[in-house]
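# just need the structure, nothing else, for what follows:
(one chain, ligands or ions: 2)
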Amino acid sequence: MTESAQRRIAVLISGSGSNLQALIDAANTPRLPNTHIVLVLSNRKAAYGLTRAAQANPPIPTAYLALQPYLKANPDKTRPDYDAEVARIVVRSKPDLVVLAGWMHIMSERFLDILSGHTPLEDTDEQQLKVTRPIPVINLHPALPGAFDGANAIERAYEAFQKGEIKTSGVMVHRVIREVDRGDPVVVKEVEIRQGEPIEAFEERLHRVEWEVIVQATAQVLNEVSPV
Ligand SMILES: Nc1nc2c(c(=O)[nH]1)N[C@@H](CN(C=O)c1ccc(C(=O)N[C@@H](CCC(=O)O)C(=O)O)cc1)CN2
Ligand SMILES: NCC(=O)N[C@@H]1O[C@H](COP(=O)([O-])[O-])[C@@H](O)[C@H]1O
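Ligands and ions are numbered 1, 2, ... in the order given. Now for the predicted structure:
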């Protein structure tokens, strides 16, 4: 029986990487068969997720590129140029799927257009990199669709619960479009908030759900683009 090609994912992070760790642990198991992580890119040098990647077995190639240092080193460049450089690094790893796992940077149209193949990516120091088929991008967000778009969603949901504005919160993985956290949901899971509990207890329960949802959603989208 011919072996089906390995399915390749690139993961973008900014922080501790516990969701990256969930993907590392699931890769090449029945939860994520025939799959391996080909790149971990962080926009924060101190992101512990970079350590997780380096300590994986086998170690996962990592990259670091932050917006402000990039703009300082390239005064003629813009934020979309930074996004294009992020896209270049990602496309070079030839992923079937890109997962934003705590990636705290809003991507411009330029990034999405390159990943979708609409905008060619001229790679200055290599043959032109061609995106021959759209590379989907998904994002993990710690809230329900349309509830708390953007950053600090956990804190905002907790505060809304204290004010009686919501009864529950949740986690979703959604497709990434230009509008932040407005892409079609892939997986959605509610997470209850319990009266009187500290935010830390809610947050811990929510993260545990995230670690399941991110693997489930990654498997689902991979099966769409690159069936086992
Ligand atoms: N075009 C898109 N980009 C991103 C999406 C998306 O749906 N469309 N999802 C986000 C992830 N995210 C929430 O899930 C999110 C991350 C960061 C921010 C934000 O305000 N970032 C600031 C910088 C904040 C910082 O550096 O601490 C910024 O980018 O200027 C909002 C939402 C990932 N990108
Ligand atoms: N708006 C995006 C956002 O808030 N993402 C959140 O960042 C955390 C990353 O944790 P991790 O680094 O331990 O995976 C996760 O809680 C994820 O939902």
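# mind listing the strands for the chain?
Ranges of strands in the chain, per DSSP state E, are 7-13, 35-42, 62-64, 97-100, 137-141, 168-175, 185-192.
# any chance of the ones you listed in TSV with distance to ligand 2, mean pLDDT and mean neighbour count as columns?
The way it works is simple: take the backbone N, C-alpha and C, and place the C-beta from them, glycine included. What follows is the strands of the chain, written out as TSV (distance: least, C-beta to the nearest ligand atom, whole Å; pLDDT from 0 to 100; neighbours: other C-beta atoms under 10 Å):
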stretch	distance to ligand 2	mean pLDDT	mean neighbour count
strand 7-13	6	98	25
strand 35-42	10	98	23
strand 62-64	14	98	17
strand 97-100	7	98	24
strand 137-141	5	98	25
strand 168-175	7	98	21
strand 185-192	11	98	17
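# in CSV, list those along with distance to Thr51.
Output for these, formatted as CSV (distance: least, C-beta to C-beta, whole Å):
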stretch, distance to Thr51
strand 7-13, 11
strand 35-42, 10
strand 62-64, 9
strand 97-100, 18
strand 137-141, 20
strand 168-175, 24
strand 185-192, 27
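# which stretch among those comes nearest Tyr158?
Of all the strands of the chain, strand 168-175 sits nearest to Tyr158, with 7.8 Å by C-beta to C-beta.
# so which residues on this protein come close to ligand 2?
Residues of the chain lying close to ligand 2 by C-beta under 6 Å from any ligand atom are 13, 15-20, 49, 101-102, 140-142, 151, 153, 207, 210.
# leaving out the residues flanking it, which one is nearest to whatever residue of the chain ends up closest to ligand 2?
For the chain, the residue closest to ligand 2 is Gly102, as judged by C-beta to the nearest ligand atom, at 2.6 Å. Of all residues not flanking Gly102 in the chain, Gly15 sits nearest, at 4.8 Å (C-beta to C-beta, 6 or more residues apart in numbering).
# contacting residues around the one you found?
44, 47-49, 102, 104 (C-beta atoms under 8 Å, 6 or more residues apart in numbering).
# could you report the distance from the spatially most central residue of the chain to Gln195?
For the chain, the residue nearest the mean C-alpha position is Leu100 (0.9 Å; C-alpha atoms, centre = their mean). Leu100 sits 32 Å away from Gln195, going by C-beta to C-beta, to the nearest Å.
# residues contacting the residue lying closest to Arg175 once chain neighbours are set aside?
Nearest residue to Arg175, sequence neighbours excluded (C-beta to C-beta, 6+ apart): Gly183, at 3.8 Å. Contact analysis of Gly183 by C-beta under 8 Å, 6+ apart lists 139, 174-177.
# how about Gly183, phi and psi?
Main-chain torsions, Gly183, degrees, to the nearest 10: phi -70, psi 160.
# same deal with Pro33?
phi -70, psi 150.
# identify the residue nearest it in space, chain neighbours excluded?
Closest residue to Pro33 apart from its sequence neighbours, by C-beta to C-beta, 6+ apart: Val228 at 5.1 Å.
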